[in-house]
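Enquirer: Quick one: sequence and predicted model below, then my questions.
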Amino acid sequence: MSEFQHISIQDAAERLEEFVIVDIRDPQSFAAGHMPTALNLNNENFADFLAATPPEKQVLVVCYHGVSSQQAANVIVQQGYETVFSMDGGFEAWKLTQPVVTA
């Protein structure tokens, strides 16, 4: 079975268009700011995400500081996704140097 990989903010920014980005932060934090094209993923829409996202897609998982995303990335790998990344530093590090979208 595959394992998730770690990715830096810089590498994620350079490869952004390659990923399906899932942000596991709470909806209020997500609405206040998130990465471009990110989907706010939670227990309620996880099955929809799995149904809509082919397992060959590269998935980038983002949380606040890069800790919870590791567990979520592992869960996604267990669902059959082979290329899953957890972004080191999380959204809090991302927003210091990269573009943010508000909803």
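Expert: Right, received. Where do you want to start?
Enquirer: Please make it C-alpha for all contacts and neighbour counts, starting now.
Expert: OK.
Enquirer: so what's the spatially most central residue of the chain bridging to?
Expert: With distances taken as C-alpha atoms, centre = their mean, the chain has Val61 as the residue nearest its mean C-alpha position (2.1 Å). Note on Val61: beta-bridge partners by DSSP bridges are Val22, Ser86.
Enquirer: I'd say it and Leu16 touch.
Expert: No. Here Val61 lies out of contact with Leu16, judged by C-alpha atoms under 8 Å, at a distance of 11.9 Å.
Enquirer: Would you mark the buried spots in stretch 93-103?
Expert: By 16 or more other C-alpha atoms under 10 Å, the buried positions in stretch 93-103 come out as 93-94.
Enquirer: chain center to that stretch, what's the gap?
Expert: Put simply, stretch 93-103 sits 14 Å off its chain's centre (C-alpha atoms, centre = their mean, to the nearest Å).
Enquirer: State the mean pLDDT of that stretch.
Expert: Mean pLDDT, computed over stretch 93-103, is 94.
Enquirer: for that stretch, how far is the first residue from the last?
Expert: 19 Å (C-alpha to C-alpha, to the nearest Å).
Enquirer: What of stretch 37-46?
Expert: 17 Å.
Enquirer: Also stretch 43-56?
Expert: Per C-alpha to C-alpha, stretch 43-56 runs 22 Å from first to last residue.
Enquirer: Let me see the ranges of the strands in this protein.
Expert: For the chain, applying DSSP state E gives strands covering 5-7, 19-23, 39-40, 58-62, 84-87.
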